[in-house]
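*Asks:* what's the 3D shape of this:
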Amino acid sequence: MSTSFSKIAALAVLSSAVVLASGCATKRATSEVVVAPLGIPGGQVGYNGAVIVDNSNAVITGAENIQAVVYFAFDSSEITSQSAGVLNQHAGLLKSNPNAAVVVAGHTDERGSREYNIALGERRAQAARDYLAAQGVAANNIRVISYGEERPAAAGTNEDAYAQNRRAELSY
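*Replies:* Model (predicted):
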């Protein structure tokens, strides 16, 4: 009888240890990403400046002469050499105007779940933010938002439309 009780007690202690050890070891840091609401009023497409940044007219005018979109490969958040060229121009504008802020909105095509696409859009926007920061832009002047598949730039279910939707948009 005491042997059975010892075994049961040992199993209870072991089970408790397993339960305690299998919990989260660390909590993920809070993200700066703002997720767009599901309802988009008026059927808007594309990023329309939902996150407000307050820039001078000179910064806004300077940004109008720079391509505002960088594109990504399927299921990727890697900055290509073409995207780096665009981001370098934005970095130049932002470094010459140290108080200027920019919003980087990450987008995906419709393939994948909504949750996956929100996360991928976040990774794309963060990749652009990280690239700008590596070029000397103040990271606290770069806001990141992910829309995932919610705001397509192009309608359609072909590769051309998908390629246009895999993007990060910079807005001043």
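*Asks:* Need phi/psi at the most centrally placed residue in the chain.
*Replies:* Computing the C-alpha centroid of the chain and ranking residues by C-alpha atoms, centre = their mean puts residue 122 first, at 1.5 Å. Per-residue torsions, residue 122: phi -60, psi -40 (degrees, to the nearest 10).
*Asks:* Report pLDDT for it.
*Replies:* We have a pLDDT of 98 for residue 122.
*Asks:* How about residue 57?
*Replies:* Looking at residue 57, the pLDDT reads 89.
*Asks:* The closest residue in space to the residue nearest to the centre of the chain that isn't next to it in sequence is in what secondary structure piece?
*Replies:* Nearest-residue entry for residue 122: residue 146, 4.0 Å, with adjacent residues in sequence omitted and distances by C-beta to C-beta, 6 or more residues apart in numbering. For glycine as for every other residue, the C-beta is placed from the backbone atoms N, C-alpha and C. Residue 146 is part of strand 142-148 when elements are defined by DSSP states H and E.
*Asks:* and the gap between the residue nearest to the centre of the chain and residue 62?
*Replies:* Going from residue 122 to residue 62 by C-beta to C-beta, to the nearest Å gives 27 Å.
*Asks:* One more: residue 138?
*Replies:* To residue 62, residue 138 is 17 Å away according to C-beta to C-beta.
*Asks:* more neighbours, these two?
*Replies:* Applying other C-beta atoms under 10 Å to residue 138 and residue 62 shows that residue 62 carries more neighbours, namely 20 against 14.
*Asks:* Pull the contacting residues for the more buried one.
*Replies:* 93, 97 (C-beta atoms under 8 Å, 6 or more residues apart in numbering).
*Asks:* 6 Å instead, please
*Replies:* By C-beta atoms under 6 Å, 6 or more residues apart in numbering, the contact list for residue 62 reads residue 93.
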